[in-house]
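J.: Generate coordinates for the sequence data below:
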Amino acid sequence: MSHPERPAAELDEALTHVSYEILMMVEGVVRASAITPDPSDFVMRNAWVESYIMHARSLIDFSSRSEPHRKPDDLCPRDFGVDWTIDDLDRQWLETNLMQQAHKRIAHLTWERLKPLEEGWSKEVAQRITDVCRSWRRTVEETRQDLDWSTFYTPPAR
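T.: Have a look, this model is predicted:
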């Protein structure tokens with residue numbers, strides 16, 4: 001299915017949404033990590049963890065969206081006029097390490113929730129997604145000088 005080419009102004013607005021997803025993913029990890037395991041803070045910590053996972057899931061979905069599975073109103077990297085695809089190893093790693101966890105720990109009540117996550121899991125997943133987003137951004141910036149990147153959130157370098 002072919003999708004129409006979008007005007008630069010519409011793509012600029014779409015960039016703000018991609019940027020928002022990155023910002024919320026990174027901030028969710030940072031803020032969830034900053035909250036002590038005090039039982040009185042568990043609601044706030046869980047809210048940040050759930051926010052992080054949902055925004056990370058959105059970015060994986062955006063990054064790995066391919067034509068056969070794409071709906072007409074889905075944003076995908078190719079909308080920005082570049083022939084960029086997520087590396088297969090990154091996609092597989094993220095699907096295994098985040099998508100399955102999002103389903104098992106957030107979207108469904110499962111026995112998996114009883115098992116603790118590995119220390120550093122959230123930061124590792126967020127870093128992998130950030131690296132994927134940086135790769136996409138570099139490719140788009142090299143090709144589309146007409147887009148406005150001035151308000152695009154750039155995560156701190158590791």
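
J.: ok, the residue nearest to the spatial centre of the chain - contacts?
T.: Ranked by distance to the mean C-alpha position of the chain (CA atoms, centre = their mean), the top residue is residue 59 at 2.6 Å. The contact partners of residue 59, by CB atoms under 8 Å, 6 or more residues apart in numbering, come to 18, 21-22, 25, 129, 132-133. Quick note: C-beta positions are derived from backbone N, CA and C, even for glycine.

J.: same thing but at 7 Å, please
T.: By CB atoms under 7 Å, 6 or more residues apart in numbering, residue 59 lies in contact with 21-22, 25, 129, 133.

J.: which parts of the helix or strand of the chain with the lowest mean pLDDT are buried?
T.: Lowest by mean pLDDT, DSSP states H and E among the helices and strands of the chain is helix 100-102, with a mean of 83. Residues of helix 100-102 classed as buried: 101-102 (neighbour count, 16 or more other CB atoms under 10 Å).

J.: do the same with stretch 61-73
T.: Neighbour counts using 16+ other CB under 10 Å place 62-65 of stretch 61-73 among the buried residues.

J.: Adding pLDDT and distance to residue 87, write these out as TSV.
T.: As requested, the buried residues of stretch 61-73 are exported to TSV (pLDDT from 0 to 100; distance: CB to CB, whole Å):
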residue	pLDDT	distance to residue 87
62	89	15
63	87	10
64	83	10
65	73	15
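
J.: Of those, which is the nearest to residue 115?
T.: residue 64 (26.0 Å; CB to CB).

J.: Residue 53 against residue 100, yeah?
T.: No. The pair residue 53 / residue 100 is not scored as a contact, 11.2 Å apart, by CB atoms under 7 Å.

J.: Flag the shaky bits of this protein, pLDDT-wise.
T.: For the chain, the stretches flagged by pLDDT under 70 are 1-3, 36-37, 39, 66-68, 157-158.

J.: hey, which helix is longest across the protein?
T.: As assigned by DSSP state H, the longest helix anywhere in the chain is helix 8-34.

J.: quick one: the helices in this structure?
T.: All helices of the chain, identified by DSSP H, fall at 8-34, 42-64, 88-94, 100-102, 121-143.

J.: Any idea which of those helices gets closest to residue 110?
T.: helix 100-102 (10.3 Å).
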